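Q: Have a look; sequence and predicted model below, questions after that.
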Amino acid sequence: MDKKTRNILVLPIEIKIREFFPKLYLAYHVATRSNFDVYIGGQRFLTKKYKPNSCLWFDKFTYTASRKKAKSHLYNDVVMQDEEGPISYHNQGTIHSRYTYDQKKYVKHFIFSGQSDLKRIKYLNLKRKKIFGLLKLDLLKKEKTVFDIEVNNIKKKYKNFLFIPGHSSGYRSIAQANYLYKEQKKFSKVIKNEENIKLNYLKLINLVIKIAKQNPKLIIIFRKHPNETKENLKKLFKNKPKNIKLIYKYTATPWILACDHYLHSGCQTSLEAIAIKKKIITYMPFKLYPDINFKLTKPFFTDEEKCLNFFKELKKNKKKFLILKQTKMIAENLNSNKYYVNNFINFLKKEYPYQMKSELQKKDDIHQNFLIKNFMKLGSIIKSFLVKNDIYLNFIPKSYYIPKEVKEQKFKSISAREIKNYLNYMIKLDTKKPNLSIRKTSESAYLIMSKKKYEA
């Protein structure tokens, strides 16, 4: 790559519909406000043609066993934050599987969302830990956002509606959860949580159908989880009332911004609803460990009949919604004067004021080999068969048990037009009007640079 390229931040995207806007927003601020360029793209594509070297690699959780094989991490500084949100939502077994003692060998900087996270991670005795908040919450802090067009389109079509996020995926069976988590100390609670999440999901859908029948004039938008299949959703909502709309358009954020009420049974997008002070109803008939974060908004129901009665008298219950101040412990940037991007930029300036000599080294393209291509295709077919039939073999790495179909559903591609359109929109909102350069390095992988850095 161009030798003029200075420090590089690597930003992998695993689930496009959830991560694209926040990661691109962070990329914009890093490229325009620091001495870093940004290498952004699909998680599976960033290392297909190039090998980042001496870069800062922004990672989500990765099991330590997988990290040992990820050589790209060994040649870079790794900064890590759980992509799914604050770890204070996770049970201790899940946290122990994602944050291990060995992991400290591979991760240089640990980022957390809020003070509540630190209480759950004490066992690691981390020295280099930082609290930045949750990146996507920054997108909701300004009057004009990248979601404005989508919000206007939604309001124009649906006007007033109840929004429900589908927040349980259908791709992991209980048998698979048993296999993945069997080595964890808190194994029984992890499995119980997996079971209760599924039970809450099914009970939520039953409740939604009853609400729709009870309130035929109420428009109900149900947005599926990124991992949920359309086929499974159709089965669950078989013979649904007409006022229930099943959608998967846009991210959850513009729907939350546009809705009148938000109903969930344990979804972390409720943090976005908290950030913009939406009317939140929680329905959780089966206990999750922990559930403290979800109990910080009212009303909170465990009984279906009481929840139905609440919806029956929705207009009279306007004053029964409450968001407690303790929610600010979950994510620092729920405070109006705190911004994730500011914390991240200050971190870069403090930790990396020098040139790291970052580079993207071109790799030998082994995928051009016909035999290797066909071998990989065969492996993908075998993988799908094993997962579909709940067959788990100890000699096969756990990371292998994610079928290709699920990976492609999470992320298929990013076009140069998408990157440019949204960066141009951010430039339009920025009074400084920075000048950015975007270079496509390979399929769904781009290098974003500030031209100012090279004018001299």
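A: Ah, there it is.
Q: Ignoring the adjacent residues along the chain, who's closest to residue 301?
A: Nearest non-adjacent residue to residue 301, counting by Cβ to Cβ, 6 or more residues apart in numbering: residue 307, 4.1 Å away. (C-beta placed from N, C-alpha, C; glycine too.)
Q: what does residue 126 give?
A: Once flanking residues are discounted, residue 126 sits nearest to residue 110: 5.5 Å by Cβ to Cβ, 6+ apart.
Q: before we move on, what SS does that neighbour have?
A: Counting by DSSP: H, G, I helix; E, B strand; the rest coil, the backbone at residue 110 sits in strand.
Q: that older thread, thought the residue nearest to residue 301 was touching residue 207?
A: Yes - the pair residue 307 and residue 207 passes the contact test of Cβ atoms under 8 Å, sitting 6.3 Å apart.
Q: any common contacting residues for these two?
A: When contacts are counted by Cβ atoms under 8 Å, 6 or more residues apart in numbering, residue 307 and residue 207 are jointly contacted by residue 283.
Q: Where does the residue nearest to residue 301 sit, in terms of helix or strand?
A: Secondary structure from DSSP states H and E places residue 307 in helix 304-312.
Q: do residue 150 as well
A: Secondary-structure assignment from DSSP H and E places residue 150 in helix 148-158.
Q: Please spell out which residues along that helix are buried.
A: Residues of helix 148-158 classed as buried: 150, 151, 154, 158 (neighbour count, 16 or more other Cβ atoms under 10 Å).
Q: So what's the gap between it and the chain middle?
A: 23 Å (Cα atoms, centre = their mean, to the nearest Å).
Q: Do me a favour and average the pLDDT over it.
A: When pLDDT is averaged over helix 148-158, the result is 95.
Q: try stretch 277-284
A: Mean predicted confidence for stretch 277-284 is 97.
Q: buried set for it?
A: Buried residues in stretch 277-284 (16+ other Cβ under 10 Å): 278, 279, 280, 281, 282, 283, 284.
Q: Output these as JSON lines; include the columns secondary structure and distance to residue 83.
A: As requested, those are exported to JSON lines (DSSP: H, G, I helix; E, B strand; the rest coil; distance: Cβ to Cβ, whole Å):
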{"residue": "278", "secondary structure": "coil", "distance to residue 83": "23"}
{"residue": "279", "secondary structure": "strand", "distance to residue 83": "28"}
{"residue": "280", "secondary structure": "strand", "distance to residue 83": "23"}
{"residue": "281", "secondary structure": "strand", "distance to residue 83": "26"}
{"residue": "282", "secondary structure": "strand", "distance to residue 83": "23"}
{"residue": "283", "secondary structure": "strand", "distance to residue 83": "26"}
{"residue": "284", "secondary structure": "coil", "distance to residue 83": "23"}
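Q: List just the nearest of those residues to residue 19.
A: Taking Cβ to Cβ as the measure, residue 278 is the one of the buried residues of stretch 277-284 closest to residue 19, at 21.9 Å.
Q: Span of stretch 101-119 from start to end?
A: By Cα to Cα, to the nearest Å, the extent of stretch 101-119 from end to end equals 17 Å.
Q: Strands of the stretch 1-150 of the chain, start to end?
A: Using DSSP state E, counting those that start in this stretch, the strands assigned to the stretch 1-150 of the chain run over residues 7-13, 36-42, 50-53, 56-59, 77-80, 109-112, 129-131.
Q: Dump these to TSV, plus mean neighbour count and distance to residue 166.
A: Listed next are the strands of the stretch 1-150 of the chain as TSV, based on neighbours: other Cβ atoms under 10 Å; distance: least, Cβ to Cβ, whole Å:
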stretch	mean neighbour count	distance to residue 166
strand 7-13	24	21
strand 36-42	27	23
strand 50-53	18	35
strand 56-59	24	27
strand 77-80	21	27
strand 109-112	22	27
strand 129-131	16	30
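Q: Looking at the ones you listed, spot the one closest to residue 221.
A: So among the strands of the stretch 1-150 of the chain, strand 7-13 is nearest, using Cβ to Cβ, at 25.2 Å.
Q: Please list the outside residues in contact with the helix or strand just after the helix holding residue 307.
A: For helix 304-312, the following helix or strand on the C-terminal side (DSSP H and E) is strand 322-323. Defining contact as Cβ under 8 Å, 6+ apart, one finds that strand 322-323 is touched by 274, 277, 280, 296, 297, 298.
Q: Relative to residue 355, which of those residues is nearest.
A: Closest to residue 355, out of all of those and judged by Cβ to Cβ, is residue 274, at 40.6 Å.
Q: Correct me if wrong, but the closest one is in a helix.
A: Yes - using three-state DSSP, the assignment for residue 274 is a helix.
Q: Show me where the stretch 151-300 of the chain dips below the pLDDT cut-off.
A: 168-189 (pLDDT under 70).
Q: thinking again about what came up before, helices and strands around the helix holding residue 307, which ones?
A: Helix 304-312 sits against helix 187-214, strand 279-283, with contacts defined as 3 or more Cβ pairs under 8 Å, 6 or more residues apart in numbering; DSSP states H and E.
Q: quick one, helices of the stretch 251-400 of the chain?
A: Secondary structure of the stretch 251-400 of the chain (DSSP state H, counting those that start in this stretch): helices at 252-258, 270-275, 304-312, 340-351, 370-388.
Q: Tell me how many other residues crowd residue 145.
A: By the criterion of other Cβ atoms under 10 Å, residue 145 has 20 neighbours.
Q: ok, it to residue 33 distance?
A: Separation of residue 145 from residue 33 (Cβ to Cβ, to the nearest Å) stands at 19 Å.
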